[in-house]
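Novice: Quick one: sequence and predicted model below, then my questions.
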Amino acid sequence: MRVAIGSDHAGFELKQHVIDWLKNEGHDVDDCGTHSTEPVDYPPICADVARHVAKGDADRGVVLGGSGQGEQISANKIHGIRAALCNDLYSAKYSRLHNDANVLSMGGRVVGLGLADEILAVWFSTEFQGGRHIPRIEQIKEIEENQ
């Protein structure tokens, strides 16, 4: 799977860990930055990750920051993106199962590396359930189209 990833300075350490995890799982990774712990604004980085997914240059995206909240919000501004903040296993599972999330957001100041590994494993292995959830995803798309 092709995965675009990006973080701000607060998520940089977690991003480096996630990149290693993704590569060890056989995924191709496109690192959209940042490339250090020097302070940087997250919105352009998260939008870049989301654009990679929306254009089909990546199958999924991962955005990381201190809490993951702003990163999720920024990614969700891109048409076609369903970014989910998943700082726990339940959210990771159901964001994919019911919502077909295509961008994962996590907080480096919230999630330890071990939990991050578990969240990644659940999020990347859970398939969209479809069925009764398809009309809801279509309604989300319709709302997005009619802004």
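Specialist: Nice, thanks for sending it over.
Novice: residues near Ala4, how many?
Specialist: 24 (other C-beta atoms under 10 Å). (C-beta placed from N, C-alpha, C; glycine too.)
Novice: That one: what secondary structure?
Specialist: Three-state assignment for Ala4 (DSSP: H, G, I helix; E, B strand; the rest coil): strand.
Novice: can I assume it is in contact with Gly56?
Specialist: No. In this structure Ala4 lies outside contact range of Gly56 using C-beta atoms under 8 Å: 11.0 Å.
Novice: Tell me which residue lies nearest the centroid of this protein.
Specialist: Leu104 (2.1 Å; C-alpha atoms, centre = their mean).
Novice: For the host helix or strand of it, give the mean pLDDT please.
Specialist: Assigned by DSSP states H and E, Leu104 falls within strand 103-107. Averaged across strand 103-107, pLDDT comes to 98.
Novice: tell me which residues in it are buried?
Specialist: Residues Val103, Leu104, Ser105, Met106, Gly107 are the ones in strand 103-107 that count as buried (16 or more other C-beta atoms under 10 Å).
Novice: what does it rub up against?
Specialist: Strand 103-107 has contacts (C-beta atoms under 8 Å, 6 or more residues apart in numbering) with 11, 14, 18, 49-50, 53, 60-69, 71-72, 75-76, 81-87, 92, 95, 116, 119-120, 123.
Novice: before we move on, back to that, Throw the buried residues of strand 103-107 into a markdown table and include distance to Glu145, thanks.
Specialist: Listed next are the buried residues of strand 103-107 as a markdown table, based on distance: C-beta to C-beta, whole Å:
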| residue | distance to Glu145 |
| --- | --- |
| Val103 | 19 |
| Leu104 | 24 |
| Ser105 | 23 |
| Met106 | 29 |
| Gly107 | 31 |
